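Novice: I would like to see how this sequence folds:
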Amino acid sequence: MTLKPLPLQTKLSKLSFTLIIAGLSPLTISQASDTSTPLVMAPVIVESSLRASQSDDLAASHSIINAQTLLEKGASHFDDILLQTPNVNFSGQSSRARHIQIRGIGELDDYTGAPNPSVGVSIDNIDFSGIGMTANLFDVKQVEVLRGPQSSRYGNSALAGLIHIQSNDPTPYRENRIETTIGTDQLREVGLMTSGPFSSAKDSGQYRIAIQKHLSDGFMKNDYLNRTDTNGKDEL
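Specialist: So this is what the prediction gives:
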């Protein structure tokens, strides 16, 4: 007796072969993609530490907010990001943050605060501790928040930590920028920036100038005086 293979078995064999090939195809593609050049991100340099170092090498607890993050959050003043930074809060006797605390340590107000600010604030390595309301974020490269004592560089003004604002560096080419903002409460902002070399010489010095005007009548209305600008902001 001669046995003949059933046609169904032939169809199943072809189907199994197709499934095997389909299963191997993604593996082949995956292996090919593994041979591509890996993406290497530029290191984040922390300028406010005792020695400028990469963020991954810094021992102190820290938060770094770069220019792209500031743009996405729409932050125009550094108190716009303080409440979004871990272990940091602030109080103020005006419309801006002035008394800053890190991990609960720092000034509370002008009368019951510590003899020194405890939380240092620096802008381009210039000490502004105790007057943090000056920290505008226009044309800023990054904001660095270091939690823990930084007294080795900033003395007793940074026993609780440090907030450092780093402006963008001058460029060897001409660069100009105009930024305008319009919002509620009669908010008007205009920012101007220019940067470049002083001359076309190869070893020419470079400059960068940035200025911003902020104007708002505030969100409070004084019914007694019938005015809406009693907590307004006029900053340059």
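Novice: Just the mean pLDDT for stretch 117-137, thanks.
Specialist: What stretch 117-137 shows for mean pLDDT is 79.
Novice: Now do the buried residues in it.
Specialist: 117-123, 128-130, 132-133, 135-137 (16 or more other CB atoms under 10 Å). In this view, the C-beta of every residue, glycine as well, is placed from N, C-alpha and C.
Novice: Enumerate the positions of stretch 143-152 that are buried.
Specialist: By 16+ other CB under 10 Å, the buried positions in stretch 143-152 come out as Val143, Glu144, Val145, Leu146, Arg147, Gly148, Pro149, Gln150.
Novice: Among the buried residues of stretch 117-137, which one sits closest to Asp203?
Specialist: Ile123 (28.3 Å; CB to CB).
Novice: For Asn176, see how far away Val140 is.
Specialist: Counting by CB to CB, to the nearest Å, the gap between Val140 and Asn176 amounts to 17 Å.
Novice: With neighbour numbers in mind, choose between those two.
Specialist: A direct count of neighbours by other CB atoms under 10 Å for Val140 and Asn176 places Val140 higher, at 21 against 9.
Novice: Any idea how many residues pack against Ser48?
Specialist: 26.
Novice: Could I get the pLDDT score of the closest residue to it other than its chain neighbours?
Specialist: With sequence-adjacent residues excluded and distances taken as CB to CB, 6 or more residues apart in numbering, Ser48 is closest to His164, at 3.4 Å. His164 carries a pLDDT score of 89 in this model.
Novice: hang on, His164 in a strand?
Specialist: Yes - counting by DSSP: H, G, I helix; E, B strand; the rest coil, His164 is located in a strand.
Novice: For it, the count of nearby residues, please.
Specialist: Around His164 there are 24 residues (other CB under 10 Å).
Novice: returning to what we had before: sort the buried residues of stretch 143-152 by pLDDT and name the bottom one.
Specialist: Lowest pLDDT among those: Gln150, 82.
Novice: Was I right to think it contacts Ile163?
Specialist: No - Gln150 is beyond contact range of Ile163, at 10.2 Å (criterion: CB atoms under 8 Å).
Novice: OK, contacts around the residue nearest to Ser48?
Specialist: Going by CB atoms under 8 Å, 6 or more residues apart in numbering, His164 touches Glu47, Ser48, Val121, Ser122, Ile123, Asn125, Val143, Glu144, Val145, Leu146.
Novice: same thing but 10 Å
Specialist: 46-49, 62, 64, 120-125, 142-146, 150, 154, 158 (CB atoms under 10 Å, 6 or more residues apart in numbering).
Novice: per-residue pLDDT, the residue nearest the centre of the chain?
Specialist: Centroid-nearest residue in the chain: Ile65, 2.2 Å away (criterion: CA atoms, centre = their mean). Note on Ile65: pLDDT of 89.
Novice: Could you tell me which residues make contact with it?
Specialist: Contact partners of Ile65, counting by CB under 10 Å, 6+ apart, are 73, 75, 78, 81, 84-85, 137, 140, 142-145, 165.
Novice: Now for Gln150 and Ile163: what residues contact both?
Specialist: Ser48, Val119, Gly120, Ser122.
Novice: any idea how far the second one lies from Leu162?
Specialist: Read it as Val119. In terms of CB to CB, Val119 sits 7 Å off from Leu162.
Novice: Common neighbours of those two, please.
Specialist: With CB under 10 Å, 6+ apart, Val119 and Leu162 have common neighbours Ile102, Ser129, Val145, Arg147, Gln150.
Novice: who touches stretch 192-209?
Specialist: Under CB under 10 Å, 6+ apart, the answer for stretch 192-209 is 138-139, 167-180, 210-213.
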